[in-house]
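1. Sequence plus the predicted model coming up.
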Amino acid sequence: MDKNQLLSKLWEQYAEITPSAKKIHTLLEEKGETIQNDHIAIRTFNDKRVNINVLEKIFLSVGYEARGEYVFESKKLFAKHYEHTTDKDAPRIFISELELEKCSESLQNTVKKLLDDCDPNEFTNPELALNSTFWKSNSQAIYKSLLEESEYAAWMYIYGFRANHFTISVNALKHFEKLEELNSFLEESGWKLNASGGKIKGTPEQFLEQSSTLADLYTITFDEGSVEIPSCYYEFALRYAMPDGNLYQGFVASSADKIFESTDVKLQK
Ligand code: OOG
Ligand code: NI
């Protein structure tokens, strides 16, 4: 699989459970915009069978290289970002992992059992990053117990390995100079934005401003019955030039910390 095949598979899989994605795309294209993707994000657990080192492989194989590292203490997450070595228009990749050893014993046991019960061939599948959930477990009780401790763990249990958001590069838009203008346009068109920490995360001084929609709701059928659970979201990023004149390429941990919450159940209320 080459880079473009990988990225379009990630998009299709994301768009399938995120109706807002294609709608926002179309809305902007109707205004004459061409959409450029700033980055894509993927989540995982730090269990050595599925951690960042495993998930990154497919991206390294199509020409990506690790660049930045980020720590999210209260969410117990660690993340790395990747840039493509030759194609400067290729989206960055952001992969995060839940640090299981910092979580409760009960959460650790739940995740361990989930993975222990899987066919081990799934872990060596080169397309792991596209594999959503290959575990058989489908219990609302487990989902609820994870949700009590970690929105991230609960989301992973339901949606697994996939792109959890794509990101529109605001730099590449013609009709929106400021992120605020795009936010207003989206709100007027009916979208709800993630307001955790303010609708705009980051400042020009940090060289990156970001905003995002609240994740779409998607119906999940548990053994116990059907429930709507936040799936994936769309993000918008405006990058600023650094003193050397080059656009900032990395992420900002204090902003990312709030962007993660776009899939939180607690923000939907
Ligand atoms: C990633 C959240 C962080 C950013 O751009 O700062 C992020 C996630 O929700 O998995 O994407
Ligand atoms: Ni992002």
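-> Arrived safely. Ligands and ions are numbered 1, 2, ... in the order given.
2. buried ones in stretch 216-227?
-> 216, 218, 220, 222 (16 or more other C-beta atoms under 10 Å). Every C-beta, even on glycine, is put in place using the N, C-alpha and C of the backbone.
3. can you tell me which helix or strand the third one belongs to?
-> Remark: residue 220 resides in strand 217-222, with elements defined by DSSP states H and E.
4. Quickly run through the sheet partners of that strand, with directions.
-> strand 225-230 (antiparallel) (DSSP bridges).
5. Name the residues that touch the strand it pairs with?
-> If you take C-beta atoms under 8 Å, 6 or more residues apart in numbering as the criterion, strand 225-230 is touched by 140, 143, 155, 158, 214-220, 262-265, 267-268.
6. Report whether that strand contacts ligand 1.
-> No. Strand 225-230 does not reach ligand 1 (C-beta under 6 Å from any ligand atom); its nearest approach is 11.0 Å.
7. Work out the gap between the helix or strand just after that strand and the centre of the chain.
-> Sequence-wise, the next helix or strand downstream of strand 225-230 (DSSP H and E) is strand 233-239. Offset of strand 233-239 from its chain centre (C-alpha atoms, centre = their mean, to the nearest Å): 11 Å.
8. How about stretch 96-110?
-> Centroid separation for stretch 96-110 versus its chain: 19 Å, with C-alpha atoms, centre = their mean.
9. quick one: which helix or strand includes residue 10?
-> helix 3-16.
10. Show me what the residue nearest to residue 215 when sequence neighbours are not counted bridges to in the sheet.
-> Leaving aside its sequence neighbours, residue 215 sits nearest to residue 230 (C-beta to C-beta, 6 or more residues apart in numbering; 3.7 Å). Beta bridges link residue 230 to residue 217 when assigned by DSSP bridges.
11. ok, what's across the strand from the residue of the chain found nearest ligand 2?
-> Nearest residue of the chain to ligand 2: residue 235, at 4.5 Å (C-beta to the ion). Applying DSSP bridges to residue 235 yields these beta-bridge partners: residue 167, residue 212.
12. need the contact list for it.
-> Residue 235 is in contact with 38-39, 165-168, 210-213, 259, 262, counting by C-beta under 8 Å, 6+ apart.
13. mind giving me a markdown table with those residues and columns for distance to ligand 1, neighbour count and pLDDT?
-> Below are these laid out as a markdown table (distance: C-beta to the nearest ligand atom, whole Å; neighbours: other C-beta atoms under 10 Å; pLDDT from 0 to 100):
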| residue | distance to ligand 1 | neighbour count | pLDDT |
| --- | --- | --- | --- |
| 38 | 8 | 21 | 98 |
| 39 | 6 | 21 | 98 |
| 165 | 6 | 22 | 98 |
| 166 | 10 | 25 | 98 |
| 167 | 6 | 23 | 98 |
| 168 | 12 | 22 | 98 |
| 210 | 6 | 25 | 98 |
| 211 | 10 | 26 | 98 |
| 212 | 8 | 26 | 98 |
| 213 | 12 | 23 | 98 |
| 259 | 4 | 25 | 98 |
| 262 | 6 | 22 | 98 |
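14. Go through those and name the one nearest residue 75.
-> Closest to residue 75 out of the contacts of residue 235 is residue 259 (11.2 Å), distances taken as C-beta to C-beta.
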